[in-house]
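In: sequence and predicted structure, then a few things I'm wondering about:
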Amino acid sequence: MAKARMAFGQVGGPEVASTLRALSYLGIFFQYGALETADLISPVMELLSKVIEHS
């Protein structure tokens, strides 16, 4: 299954984890909003396995 090269997040919070799982290796995640006031959750293993760039 193909993975996304780039993802944009306007909500944030714990749901970010599922967005990160959908990214390809070297995928780019851009968080531009904060509709959810809970902390943004970034699973360490997802980041290490994909070398995701956070903006």
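Out: Sure, I can see it.
In: how about residues contacting stretch 31-40?
Out: Applying CB atoms under 8 Å, 6 or more residues apart in numbering, the set of residues contacting stretch 31-40 from outside is F8, G9, Q10, V11, G12, G13, P14, E15, V16, H54, S55. Any C-beta I mention is one placed from the backbone N, CA and C, and that applies to glycine too.
In: next, count neighbours for the third one.
Out: By the criterion of other CB atoms under 10 Å, Q10 has 11 neighbours.
In: give me the nearest residue to it, chain neighbours excluded.
Out: Once flanking residues are discounted, Q10 sits nearest to G33: 3.6 Å by CB to CB, 6 or more residues apart in numbering.
In: quick one, longest strand in the protein?
Out: Determined from DSSP state E, the single longest strand within the chain is strand 23-31.
In: for the residue positioned nearest the centre of the chain, give its distance to Q31.
Out: Centre of the chain computed as the mean C-alpha position; nearest residue by CA atoms, centre = their mean is L20, 3.5 Å away. Per CB to CB, to the nearest Å, L20 is found 11 Å from Q31.
In: before we move on, what about S49?
Out: 19 Å.
In: more neighbours: the two, which one.
Out: Q31 (17 against 11).
In: what bridges to the more buried one?
Out: With DSSP bridges as the criterion, Q31 is bridged to G9.
In: now do it against M1, distance only.
Out: With CB to CB as the criterion, Q31 and M1 are 24 Å apart.
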